[in-house]
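In: 3D model of this:
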Amino acid sequence: MGGRKNAKSGLVVAPHRLAASAGSRVLAEGGNAIEAAIAAAASIVVLYPHMNSLGGDNFILIGDGRRPIAIDACGRAALLANNDFYKSQGFNRIPGRGPLSALTVAGAVSGWQQALLLSRKRGGKMPLSRLLEDAVFYAKKGTLVTGTLHRNTKSKLQELKDVSGFSDVFLSNGLPAKEGTNFKLPSLANTFERLASAGLDDFYIGDIAQTLVTDLIAAGSPLRAKDFQRHEAKIMDPLSIKLKSGWVYTTPPPTQGLASLIILGIFDRLNCTAPDGFNHVHSLVEATKHAFSIRDKYISDPDHMKKLPDHFLKNKFLDSLVKQINPKKSLPWPMPARNGDTVWVGAIDKEGCSISLIQSIYWEFGSGVTLPQTGIVWQNRGTSFSLNSESPNFLTAGKKPFHTIHPAMALLNDGRLLVYGTMGGEGQPQTQAALFTRYVIFSQSLQKAISAPRWLLGRTWGDETAKLRLENRFEPSVVSALELAGHEIEIVRDFDEIMGHAGAVVRDQNGIFQGASDPRCDGAALGP
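Out: Down below sits the predicted model:
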């Protein structure tokens, strides 16, 4: 955990201190926030390989004190991947692990590329080789195995040990690497060096692309060269909502960003006057239920959606949702949870350029497929597709999958610029709402807003009910009140990793920066 206050030259936040340091050094050398975030994002690929990868996707917001732009770097389903492809092999649902779950193109590298094009237009001059320098160094020389990497390798061992390439990279003599031991990724180091010399396009149309396709086919994935060649990251208009405190922005579908804005839009209309009590938690949980119902019914590849997301952010619609919330009683909630492991990186520089970047391979270690020639772990984002033709996320060739990940940014009425985000799948909108309401509405410090006890509504695998998990630091009276209102409570550890790894950076109206990172991860907020 780390926080930084009263900095004047910019700040970078990342869930691993070394990644934050990589970005901070770029700022110190005259780089802008976009360049700093790319350096941090590349480093975190090496430092947190169970949560993100070059084989994943990302979404990015970039701003300068005005309405930001969004980058959608989501990979589409392979042209060979459709309902018949899986049904012919006896599957009624897409496998969660293994090569048949590696069915979407990885878009993260294209997201970096698109962001760097925007950086150049803003005067950014850092060479790509410099931005990837730390990632290459840590992949070659090694870094200490974190507790989260060890725990996740251990807990997922049985389902991943026989997946193509996984054991060769993540196991030592058949066992998870111990916390504190040195962990090297030499093949991944070579891949970063190739990208630094050949350019990021090489991932999709060059030698790296050919190598990726060869290894994916050998593993049994439906991805082919044509899928890579037709991929591109796109610049989009962000989703936004006007609250009493200012404007909040996020990324549009196929992300669940809409759910986050609905939650805040509902809460903004409720009469909650204090943080962390029954009214605060109950109101946000009930808002979450309505937001998730809309999300699960409508959000998909935007080319396949029946309604535009802005429809759900109109005042009349949000007012109707508020009327459905009982301030004293919990709405039944049977919906299944969505897994997710992700990293969020944020940065603001002294010129006011801001970036909120989130990248993911979906579940811990994604598909588990680890490509031998490049050392890249491939995402299983395509498992969010359904083989049920009635689902909004019914699998068709070339379709974008639903994404839990979504970065956030806010322009507040008093002139503050806030970038924030978190990992955590189903918990991302909930943690974003906790952070925003605590910091913006209830004026808690940024670090307290992130460190304070959190909650998570969702069903764990095998559970018959969707419980409301609370960290054990909530006041007993709050827990009792929630139970009396009908919430089924499960108490978890004091700083439980299932609550996600949040972070935030603020630049105030005087140009002073504050940043905070989550005590539930290994991160920091660092500046030059």
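In: Count the neighbours of the closest residue in space to Tyr138 that isn't next to it in sequence for me.
Out: Among residues not flanking Tyr138 along the chain, Val46 sits closest, at 4.5 Å (C-beta to C-beta, 6 or more residues apart in numbering). (C-beta placed from N, C-alpha, C; glycine too.) Other residues near Val46 come to 30 when the count uses other C-beta atoms under 10 Å.
In: Please compute how far the helix or strand in which Val46 is found lies from its chain's middle.
Out: Using DSSP states H and E, Val46 sits in helix 33-47. Taking C-alpha atoms, centre = their mean, to the nearest Å, the mean C-alpha location of helix 33-47 is offset from the chain mean by 14 Å.
In: what angle separates the following helix or strand past it from helix 33-47?
Out: On the C-terminal side of helix 33-47, the nearest following helix or strand under DSSP H and E is strand 57-63. Strand 57-63 and helix 33-47 meet at an angle of 160 degrees, taking axes from the mean of the first three to the mean of the last three C-alpha atoms, to 10 degrees as the criterion.
In: which secondary structure elements does strand 57-63 contact?
Out: strand 69-73, helix 108-121, strand 246-250, strand 354-362, strand 408-412 (3 or more C-beta pairs under 8 Å, 6 or more residues apart in numbering; DSSP states H and E).
In: All the helices of the stretch 101-250 of the chain, residue numbers only.
Out: Per DSSP state H, counting those that start in this stretch, the stretch 101-250 of the chain carries helices over the ranges 108-121, 128-131, 133-141, 147-155, 157-160, 166-170, 186-198, 202-205, 207-219, 225-229.
In: Out of those, which gets nearest to Ala36?
Out: helix 128-131 (8.7 Å; C-beta to C-beta).
In: Show the subsequent helix or strand relative to whichever helix in the chain runs longest.
Out: Longest helix in the chain by number of residues (criterion: DSSP state H): helix 278-298. Next helix or strand after helix 278-298 toward the C-terminus (DSSP H and E): helix 315-322.
In: in that following helix, what's buried?
Out: Leu318, Leu321, Val322 (16 or more other C-beta atoms under 10 Å).
In: Buried ones in stretch 155-172, by neighbour count?
Out: Quick answer for stretch 155-172 (16+ other C-beta under 10 Å): Lys156, Leu157, Glu159, Leu160, Lys161, Val163, Ser164, Gly165, Phe166, Ser167, Val169, Phe170.
In: Give me the contacts around it.
Out: 49-50, 96-99, 153, 174, 176-177, 181, 185, 187, 215, 218-220, 364-365, 367-372, 375, 377 (C-beta atoms under 8 Å, 6 or more residues apart in numbering).
In: Just the buried ones from these?
Out: Buried, going by 16+ other C-beta under 10 Å: 49-50, 97-99, 153, 176-177, 185, 187, 215, 219, 364-365, 367-372, 375, 377, out of these.
In: In strands, which of these appear?
Out: Pro176, Thr370, Leu371, Val377 (DSSP state E).
In: The helix holding Val46 packs against which elements?
Out: strand 10-14, helix 17-28, helix 108-121, helix 128-131, helix 133-141, helix 186-198, strand 341-349, strand 354-362.
In: I'd like to check the angle between the second one and helix 133-141, please.
Out: An angle of 140 degrees separates the directions of helix 17-28 and helix 133-141 when computed by the same axes, to 10 degrees.
In: do the same with the longest one
Out: Relative orientation of helix 108-121 versus helix 133-141 (the same axes, to 10 degrees): 150 degrees.
In: Now do helix 108-121 and helix 186-198, the angle between them.
Out: Using the same axes, to 10 degrees, helix 108-121 lies at 40 degrees relative to helix 186-198.
In: Other residues contacting helix 108-121?
Out: 32, 34-35, 37-38, 41-42, 52-60, 62, 69, 71, 73, 124, 126, 128, 131, 195, 200-201, 203-204, 231-235, 355, 357, 359.
In: change it to 7 Å
Out: For helix 108-121, the external contacting residues (C-beta atoms under 7 Å, 6 or more residues apart in numbering) are 32, 34-35, 38, 41, 54, 56-58, 60, 62, 71, 73, 200, 203-204, 231-233, 235, 359.
In: Quick one, which of the residues you listed are buried?
Out: Buried among those by 16+ other C-beta under 10 Å: 32, 34-35, 38, 41, 54, 56-58, 60, 62, 71, 73, 200, 203-204, 231, 233, 359.
In: Identify the residue spatially nearest to Glu232, adjacent ones excluded.
Out: Nearest to Glu232 is Ser110, by C-beta to C-beta, 6+ apart, at 6.4 Å.
In: Report how many residues lie close to that neighbour.
Out: Ser110 has 26 nearby residues by other C-beta under 10 Å.
In: Just put the ones in strands among the buried ones among the contacts of stretch 155-172 in JSON lines and tack on pLDDT and distance to Phe394.
Out: Listed next are these as JSON lines, based on pLDDT from 0 to 100; distance: C-beta to C-beta, whole Å:
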{"residue": "Pro176", "pLDDT": "95", "distance to Phe394": "37"}
{"residue": "Thr370", "pLDDT": "98", "distance to Phe394": "29"}
{"residue": "Leu371", "pLDDT": "98", "distance to Phe394": "28"}
{"residue": "Val377", "pLDDT": "98", "distance to Phe394": "27"}
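In: Distance to Gln432 added to these, as CSV?
Out: Shown next, in CSV, are those (distance: C-beta to C-beta, whole Å):
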residue, distance to Gln432
Pro176, 31
Thr370, 31
Leu371, 33
Val377, 26
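In: Pick out the most distant pair among those residues.
Out: Pro176 and Leu371 (20.2 Å).
In: Let me know the average pLDDT across the helix or strand hosting Ala259.
Out: Using DSSP H and E, the element containing Ala259 is helix 257-267. Averaged over helix 257-267, pLDDT sits at 98.
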